[in-house]
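In: sequence and predicted model, in that order:
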Amino acid sequence: MRRMLLLIGGILVIVAALIAAVYFWSPHANLRVTTSTQASAAQRFVGAFASVMQSDHPRVHIKFVPVADLVASAKALEDGATDLAIVRTDVAPPTNGQTIAILRRDAVAIVLPPKSSIDKVADLNGKTIAIPESPLQAYNEQAFDAILRYYDIQPKAVKRLVLPLAEIGKAVRDKRVAAILAVGPIGPGEPVDVVSAVRAATRGRPQILAIDEAEAIAKRDPGFESIDIPVGAFRGQPPTPDDTVTSVAVTYRFVAPGKMLNIVAGAIARSIFTAKAKLMAVTPLANQIEAPDTDEKNPILPVHPGVAAYLTNGEQSFFDEFQQYFYIVGMGLTALGSMAAFIASRMARRKSEDDLRQVDRLIALADRALGADHAELERLEAELNLVISWFVKGQARGGLDSTGFSVAIAHARHAIDKRRDFLRREGEREPQPPSASGATGSAAS
């Protein structure tokens, strides 16, 4: 019994130690993050993020997972090959992805030369549009095709001319293109560069084509969202645009799988939002980082519950989450202890019942000895020896009550010896096997 209790106690100690080890040392595990194989703003952000995380959480080790493009980044998250990924909402968003932070919001700007006759998207049908050469040009072209399809314009009905940025102005001046597609942030980026190139080539103020149905496009394709481009967003003098223009936008997001623990997702979000100044020192684009809207009902890349809890309740939620985990672990240990106690109690009860059966066996053995003959006494002696052997082994394990068993064994021994003495005094002989000669003589007679 004592040995069993020690074993159960040891198991509880080991389980508690394992839980503590997992809780306190699990941050040493790698946190895998996708990164571009090409030099890009995303790669700079990931590098800055790794630096901040390791500064705020020294136990965390960031492991980079190189990917070829945005599609591969989303696929890596979907396949469980990474814990965090940078994805673009309109480019194969992962089905298991949930938003940690919005890294950038890129407006889709269709830039028109000064005095353009194009007033609406439908007017692009049959025209040629320039697309700045960049690693993202294929994705930007796909976004443009999605907009055209909303207006029932076949993508092939609008010709494309992919050009280096330095040649955009000349193409506009030579009237080889009717518009330019520029996708980028409201701030430094591709739209500002395109507007500047067109302005320099035409010496006029470029215009931004309004997409008035942006809200409807976003509902039809959740990879987009409606955005208002404010006056002067793309700089210049006079400012471009000269009035607020409605368009669509795509967002780059830092996403995690939905199965990531809330406390981990909240800690990552906290590190990003509280260290924005540090991130900006590495890449100015970090200025565009923003927290996701916790009320957003977008069916793709929803806000991770851990991030939503942190954004809603702030630091208190973050520490409450720690307390919740301690509470859960405590409840688990309590339940485990209760279960172990119950098992120990049942085993002790079963052991006690087994011990009582052996005591009863000894008492019955003593009772049978009162009327036994020599042959029966030999059998009872052998049975007593078996019980004594079992008792000695139990004593060696330290799990038997020696007092009760000693009395019962002595009682049985006394009964057998007393009966044997009685039979000896009465002169009853023990039965002898017949001799060989006696058997032969009987047969002869």
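Out: Here it is on my side, so go on. Small disclaimer: the values here were computed from a predicted structure and weren't measured.

In: alpha carbons only for contacts and neighbour counts from here, please
Out: Noted.

In: may I see the buried residues of the host helix or strand of A109?
Out: Counting by DSSP states H and E, the element that carries A109 is strand 97-112. The neighbour-count check on strand 97-112 (16 or more other CA atoms under 10 Å) flags 97-112 as buried.

In: can you list the strands that the helix or strand following it pairs with?
Out: Counting by DSSP H and E, the element after strand 97-112 in chain order, helix or strand, is strand 128-132. Sheet partners assigned to strand 128-132 using DSSP bridges are listed as strand 159-163 (parallel), strand 179-185 (parallel).

In: can I get those strands in a markdown table including mean pLDDT and distance to I363?
Out: Listed next are the strands paired with strand 128-132 as a markdown table, based on pLDDT from 0 to 100; distance: least, CA to CA, whole Å:
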| stretch | mean pLDDT | distance to I363 |
| --- | --- | --- |
| strand 159-163 | 94 | 104 |
| strand 179-185 | 93 | 94 |
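
In: tell me which of those is the most buried.
Out: Among the strands paired with strand 128-132, the stretch with the highest mean neighbour count (mean count of other CA atoms under 10 Å) is strand 179-185, at a mean of 25.

In: so what does the very next helix or strand once past that strand touch, helix or strand wise?
Out: Next in sequence after strand 179-185, counting helices and strands by DSSP H and E, comes helix 190-202. The contact analysis (3 or more CA pairs under 8 Å, 6 or more residues apart in numbering; DSSP states H and E) places helix 190-202 against strand 97-112, helix 165-173, strand 179-185.

In: minimum distance to A72: which of these has it?
Out: Between A72 and the helices and strands packed on helix 190-202, the shortest gap by CA to CA is with strand 97-112, which sits at 13.7 Å.

In: next, the angle from the closest one to helix 165-173.
Out: 40 degrees (axes from the mean of the first three to the mean of the last three CA atoms, to 10 degrees).

In: P66 sits in which helix or strand?
Out: Per DSSP H and E: strand 61-67 holds P66.

In: likewise for A72?
Out: Judged by DSSP H and E, A72 forms part of helix 70-78.

In: sorry, back to before: and the strand holding A109, what does it pack against?
Out: Applying 3+ CA pairs under 8 Å, 6+ apart, one finds that strand 97-112 contacts strand 179-185, helix 190-202, strand 207-208, strand 245-257, helix 262-274.

In: any idea which helix or strand in the chain has the lowest mean pLDDT?
Out: The weakest-scoring helix or strand in the chain, judged by mean pLDDT, DSSP states H and E, is helix 436-444 (a mean of 42).

In: show me where the stretch 301-445 of the chain dips below the pLDDT cut-off.
Out: 314-354, 394-404, 427-445 (pLDDT under 70).

In: any chance you could map the helices in it?
Out: Taking DSSP state H, counting those that start in this stretch as the test, the helices found in the stretch 301-445 of the chain are 305-313, 315-369, 374-397, 402-426, 436-444.

In: mind checking how far the third one is from the chain centre?
Out: Remark: helix 374-397 is offset 60 Å from the chain centroid, using CA atoms, centre = their mean, to the nearest Å.

In: list the buried residues in that helix.
Out: 374, 377, 380-381, 384, 387-388, 391.

In: what do you get for the fourth one?
Out: Buried residues in helix 402-426, counting neighbours by 16+ other CA under 10 Å, are found at 405, 408-409, 411-413, 415-416, 419-420, 423.

In: and that helix with helix 374-397, angle?
Out: 160 degrees.

In: so what's A92 up against?
Out: 71, 74 (CA atoms under 8 Å, 6 or more residues apart in numbering).

In: tell me the secondary structure at it.
Out: With DSSP: H, G, I helix; E, B strand; the rest coil as the basis, A92 sits in coil.

In: centroid residue for the chain?
Out: M260 (3.0 Å; CA atoms, centre = their mean).

In: against L181, how distant is T128?
Out: 11 Å (CA to CA, to the nearest Å).

In: likewise for T251?
Out: Relative to L181, and taking CA to CA, T251 is found at 17 Å.

In: just the angle for the strand holding A109 relative to strand 245-257, thanks.
Out: 160 degrees.

In: gap between D123 and A214?
Out: 17 Å.

In: neighbour count: the two, which is higher?
Out: Using other CA atoms under 10 Å as the criterion, D123 and A214 rank with A214 on top: 20 against 11.

In: what mean pLDDT does stretch 247-267 get?
Out: What stretch 247-267 shows for mean pLDDT is 90.

In: now do the buried residues in that stretch.
Out: Neighbour-count burial for stretch 247-267 [16+ other CA under 10 Å]: 247-258, 260, 262-263, 265-267.

In: try stretch 52-71
Out: Buried residues in stretch 52-71 (16+ other CA under 10 Å): 52-53, 59-67, 69-71.

In: report the two of those separated the most.
Out: R59 and V71, at 30.5 Å, using CA to CA across those.

In: can you give me the neighbour number for P222?
Out: Other residues close to P222 by other CA under 10 Å number 15.

In: ok, it - contacts?
Out: P222 neighbours (CA under 8 Å, 6+ apart): 89-90, 298-300.

In: same deal with N385?
Out: Taking CA under 8 Å, 6+ apart as the definition, N385 has no contacts.

In: how far away is it from E378?
Out: Applying CA to CA, the value for N385 to E378 is 11 Å.

In: before we move on, back to that, so for the helix holding A72, what's the average pLDDT?
Out: In this model, helix 70-78 has an average pLDDT of 92.

In: put the alpha carbons of whichever helix or strand comes after it into CSV.
Out: Next along the chain after helix 70-78, taking DSSP H and E as the criterion, comes strand 85-88. Taking Å, rounded to 0.1, in the frame of the first residue of the first chain, the C-alpha atoms of strand 85-88 are listed here in CSV:
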residue,chain,number,x,y,z
ALA,A,85,2.8,34.2,-42.8
ILE,A,86,2.4,37.4,-44.8
VAL,A,87,-0.5,37.1,-47.2
ARG,A,88,-2.4,39.4,-49.5
